[in-house]
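S.K.: Just the structure for this:
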Amino acid sequence: MRIAISGASGLIGSALASDLTATGHSVVRLVRRAAQSSDEISWLPPEAADGPDRQALRGIDAVVHLAGAPIASGRWTQARKAVLRASRIQTTAALVAAMIAVADGPRALLCGSAVGWYGDTGEEIVDESAPSGSGFLAELVRDWEAAAAPAAQAGIRVVNLRTGVVLASGGGMLGRLTLPFRLGLGARLGSGSQYLSWISLEDEVRAIRFLLDNPGVSGPVNLTAPDPVTNAAFTAALAKAVGRPAFLRVPSSLLNAGLGEVASELLAGARVVPRKLLDAGFSFTDPDIAAALASALAT
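M.R.: Numbers count the residues shown, from 1 in each chain. Purely as a prediction, here's the structure:
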């Protein structure tokens, strides 16, 4: 297949692009600069409100749209919230409009999304049938998925990739936590009872590949391992993986004072299971947290 990827320089996008290329597929990267080769398409979202060059989308089989400003890179001021929304909702709407306008363009859109859709669900196990929750992230994800809906209405297969926390030593949450834990500074957050829905980077890439290859799957799909864990269990597992103790706890009050509204998401959680992936026959390489951490830290 010939596949276009936005966010191809990010943690997931770069791993996906490398995997696709290694297995014989043609990857075209949507880049935020002038294109330098035939395997790049220049697009500067959200400034380019009309999306990428429509002619450049001719002959593309599928688009994997992973672009978006980092969620946890600072306080959620009103200005930062506007950036987070524009980088997801406006870019998705522009990309969808461009895809619809090309008669022989992509027939599938795998669009980034997140388990933030569910909000704080406590100990309740939720799958793709669960309704949207409350809070800034839930609203953001709801509008993000809505921006992709016109593509489905136009006959393009749309998959909303509701991804959990991706575990990889080279980036993301695990990349930030590994050094403190190795120094014996690992700590659970608040009560530690909030659930963390996670997935290894390898399984994230394998799941996206699986969804590209299975045209019968559409709509929201949870990209999470089948065994979500509490923050306390994750803290203990990471401490064990690096061979250091983790007796510390960061009080909720301290998180709220330091991070503001972002802290509410760290202290909340959703116990998300990948029902649609499992029903479609997907098999996880890293189904439990101990195996996933050992695999990630070994790379």
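
S.K.: This protein: helices as residue ranges?
M.R.: 11-22, 78-85, 91-101, 136-153, 172-182, 201-213, 231-242, 252-259, 261-266, 275-279, 289-297 (DSSP state H).

S.K.: what about the residue nearest to residue 183 when sequence neighbours are not counted, how many neighbours?
M.R.: In space, and not counting its chain neighbours, residue 183 is closest to residue 244: 7.5 Å by Cβ to Cβ, 6 or more residues apart in numbering. Heads up, the C-betas are built off the backbone N, CA and C, glycines and all. Around residue 244 there are 15 other residues, counting by other Cβ atoms under 10 Å.

S.K.: check contacts around residue 244.
M.R.: Contact partners of residue 244, counting by Cβ atoms under 8 Å, 6 or more residues apart in numbering, are 181-184, 186.

S.K.: Residue 251 too?
M.R.: residue 190.

S.K.: Filter the contacts of residue 244 down to the buried ones.
M.R.: 181-182, 186 (16 or more other Cβ atoms under 10 Å).

S.K.: With pLDDT and distance to residue 288 as extra columns, can I get those residues in JSON lines?
M.R.: Below are those laid out as JSON lines (pLDDT from 0 to 100; distance: Cβ to Cβ, whole Å):
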{"residue": "181", "pLDDT": "94", "distance to residue 288": "19"}
{"residue": "182", "pLDDT": "95", "distance to residue 288": "22"}
{"residue": "186", "pLDDT": "94", "distance to residue 288": "19"}
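
S.K.: can I get those in JSON lines with distance to residue 281?
M.R.: Listed next are those as JSON lines, based on distance: Cβ to Cβ, whole Å:
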{"residue": "181", "distance to residue 281": "35"}
{"residue": "182", "distance to residue 281": "38"}
{"residue": "186", "distance to residue 281": "37"}
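
S.K.: List just the nearest of those residues to residue 204.
M.R.: Closest to residue 204 out of the buried ones among the contacts of residue 244 is residue 181 (21.6 Å), distances taken as Cβ to Cβ.
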